[in-house]
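In: Below are the sequence and a predicted model; questions follow.
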Amino acid sequence: MHPRRSPQRPSPLRLALACGLTLAATLLAAIPAGHAQRAPEVAITNVSYDPTRELYKAINEAFAKDWLARTGQRVTIRTSHGGSGRQARTVIDGLQADVVTLALAGDIDAIAQRAKLLPADWQARLPNNSSPYTSTIVFVVRKGNPKGIRDWDDLARPGVAVITPNPKTSGGARWNYLAAWAFELDRTKDPAKAKAFVEAIYLNVPVLDTGARGSTTTFVQRGIGDVFISWENEAHLALAEFGADRFDIVYPSLSILAEPPVALVDAVVDRRGTREVAEAYLEFLYSAQAQRIIAANFYRPSKPEAADPDDLKRFPDLRLVTIDAVFGGWAKAQAEHFADGGVFDRIYRPGGPFAR
Amino acid sequence: MSLAAHATPFRFRQPSALPGFGITFGFAVTYLSLIVLIPLGVLVVQASGLGLEGLWQTATSPRVLAALRLSFGVSFAAAAVNAVAGLVVAWVLTRYAFPGRRLLDAIVDLPFALPTAVAGIALTAIYAPNGWIGALLAPLGVKVAYTPLGIFVALVFISLPFVVRTVQPVLADLDREIEEASATLGASRAQTVARVILPALAPAVLTGFALAFGRAVGEYGSVIFIAGNMPFVSEIAPLLIVIQLEEFNYAGATAIATIMLAISFVSLLAINLIQAWSRRRFGHV
């Protein structure tokens, strides 16, 4: 009793579907044509880590002005801050970041490997390993340095309380850990002694905060600890914020060259059509104007000649080793020291030196 | 709980004076699935990437065991303390009229409304060795912040409202005449409390305890500030999950989460059974 539909006559539903598809295809085809002309406004997202809030606020303002003058286009840069590893995860999970400016090359590597949003050789695409600025690890002590802390070996002395975040959750803390290791390795040339040395320092750590800003609070506000291992720029910020009359910065004889890298997220800029402005944004970081801002925000500029000499005076010379030379690169250091069951985990094991 | 009370044979449609069972039942099941069951199912599926053996290995690694023991142990202690303290607070708020009662009543809800990080920062500021209370305790050799005791304080703080708010309405409904009758029949005050009031309140207190316990187990924000986060000493299980995520180890993180979920579910089920038993034992009020 069912009326039989002839195969030649499309049902109304199919007709509607076909019309819809055609319309969609036309619209899609029209999009690339629209790109040829620059829209009057564009927005890009920079996903960064915690201590760069102040830096990128200044950079974004300068870049927007520069881009408007060069192209007549207004650009808005949204910057998201947070722990470096967490930020990398949000990009992997789908946050549409046009550029990432993180604390560790390993975090951007993770985006390249796990989400394939950018090529594996991303770090070779910009000068200086894609790091427009560097920083290092220094000590903050209480005014007058009552415990007489001069170098890394003072941190391993019994009775000195050391504040540093957990390397498992904080990118900055991994630099702290590696700097201490590099110091002892340089002195003794013996990896076993370096391991014992780092263990001795962590025995002196009473609180493992999850991030660098948390550790700053523990040391500065709660009054816990004799020495706080910190990014150089965070140390200067802490002094500027909480008073140079309460704290001193101590420069160890040797530290690590921390290279926070920046990268274009190719898959996102191509999808959003923002490649041109995002590329210009990253290149701008290497310009004389940006380098000046970088030095003013306590990061070490990659082109010091562009910076204000007064700013440069705040960066005393000290021996800086690189992660590539001492640890064979991020991937290797990460796997050996910080991965599940790595050297750091073995410091905190039942029956280990920590279980007093 | 009414399942146990009525021994009627299984019937899909319960006769009721109110219409709309079909629609509301469909909505309830869809809603629960979308909000609770499907997300939790995905969690289990993600964890299954490790396989049963991997899950077992994760669950029995000494560090995970230590964190689970700490999380569930301290949560249990905090919920137990609040079962008593919350009952007293609810008692004061429902049975007595005094100036500022409304204010006190509102304050009870603060731990609900406060972002947990705010709670953590505030508690740490007070209980740190240089804080108001911490400075008083330090000469006595009592360290609160950055020890398991600090975790306990944080969990007591965030779980208090659960007991108060579940006990309060039951206490308000409890007829004073019952107490008066008990007194006229010659019971002492202690007997009235122990034999008449507490049994009637027991199911509500247990519900409050279960809610407080469940909330405390999952608490992260307020605890990490005050805990000190030392592995094997003051590292809670939710922090271990975050650490696994930080290593991009999604399977490991969901494995720990699944284990927590299983333990929580079994605990809550056990509490529910005790509750059903206590209702049967003491009957409805």
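Out: Great, that's in hand. Just so it is clear, the model here is predicted, and its values are computed rather than measured.
In: excluding its backbone neighbours, what's nearest residue A:68?
Out: Distances taken as Cβ to Cβ, 6 or more residues apart in numbering or on different chains put residue A:74 closest to residue A:68, at 5.9 Å, once the chain neighbours are dropped. Where you see a C-beta, it was placed from the backbone N, CA and C, and this is true even at glycine.
In: Residue B:95 too?
Out: In space, residue B:95 comes closest to residue B:171 once its chain neighbours are excluded; the distance is 7.3 Å by Cβ to Cβ, 6+ apart.
In: Contact residues of the stretch 101-250 of chain A facing chain B?
Out: Residues of the stretch 101-250 of chain A lying close to chain B by Cβ under 8 Å from any Cβ of the partner chain are A:110, A:114, A:166, A:168-169, A:206-210, A:214, A:217, A:221-224.
In: The residues you listed in strands, which ones?
Out: Using DSSP state E, no member of those falls in strands.
In: So which of these belong to helices?
Out: A:110, A:214, A:217 (DSSP state H).
In: Between these, which sits nearest chain B?
Out: Among those, residue A:110 lies closest to chain B (Cβ to the nearest Cβ), at 5.4 Å.
In: Could you report the neighbour count for that closest one?
Out: 20 (other Cβ atoms under 10 Å in any protein chain shown).
In: Contact partners for it?
Out: A:88, A:92, B:248 (Cβ atoms under 8 Å, 6 or more residues apart in numbering or on different chains).
In: repeat for residue B:101
Out: With contact set as Cβ under 8 Å, 6+ apart, residue B:101 has these partners: residue B:93.
In: Is residue 106 within a helix or a strand, and which one?
Out: I went with chain A, as the question did not name one. Taking DSSP states H and E as the criterion, residue A:106 maps to helix A:105-110.
In: Actually, chain B is the one I wanted.
Out: Residue B:106 belongs to helix B:101-108, assigned by DSSP H and E.
In: Let me see the mean pLDDT of that helix.
Out: When pLDDT is averaged over helix B:101-108, the result is 93.
In: could you dump that helix to PDB, C-alpha only?
Out: Output in PDB follows, covering the C-alpha atoms of helix B:101-108 (Å, rounded to 0.1, in the frame of the first residue of the first chain):
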ATOM      1  CA  ARG B 101      21.700  34.600  64.300                       C
ATOM      2  CA  ARG B 102      20.900  35.400  60.700                       C
ATOM      3  CA  LEU B 103      24.400  36.600  60.100                       C
ATOM      4  CA  LEU B 104      25.900  33.500  61.600                       C
ATOM      5  CA  ASP B 105      23.500  31.500  59.400                       C
ATOM      6  CA  ALA B 106      24.800  33.200  56.300                       C
ATOM      7  CA  ILE B 107      28.400  32.900  57.400                       C
ATOM      8  CA  VAL B 108      28.000  29.100  57.300                       C
END
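In: tell me the SS of the closest residue to chain A within the stretch 151-285 of chain B?
Out: Nearest residue of the stretch 151-285 of chain B to chain A (Cβ to the nearest Cβ) works out as residue B:231 at 3.7 Å. Under the three-state scheme (DSSP: H, G, I helix; E, B strand; the rest coil), residue B:231 adopts coil.
In: Please look at it and residue A:348 and confirm they touch.
Out: Yes: the pair residue B:231 and residue A:348 qualifies as a contact (Cβ atoms under 8 Å) at a distance of 3.7 Å.
In: which one of these two has more residues nearby?
Out: Applying other Cβ under 10 Å to residue B:231 and residue A:348 shows that residue B:231 carries more neighbours, namely 25 against 22.
In: end-to-end on stretch A:285-301?
Out: 10 Å (Cα to Cα, to the nearest Å).
In: How about stretch A:118-127?
Out: 17 Å.
In: likewise stretch A:218-237?
Out: Length of stretch A:218-237, first residue to last, Cα to Cα: 15 Å.
In: so what's the residue in the stretch 251-356 of chain A that chain B sits nearest to up against?
Out: Closest residue of the stretch 251-356 of chain A to chain B, Cβ to the nearest Cβ: residue A:348 (3.7 Å). Shown in contact with residue A:348 (Cβ under 8 Å, 6+ apart): A:202, A:354, B:63, B:230, B:231, B:232.
In: Which secondary structure state does residue 144 sit in?
Out: Unless you meant another one, I'm taking chain A. Three-state call for residue A:144 (three-state DSSP): coil.
In: you looked at the wrong chain, it should be chain B
Out: coil.
In: Can you report how many residues neighbour it?
Out: 24.
In: Check it and give its pLDDT.
Out: pLDDT, residue B:144: 93.
In: cool, the one 4 residues further on as well?
Out: The per-residue pLDDT reported for residue B:148 equals 94.
In: Give me the neighbour count for it.
Out: 19.
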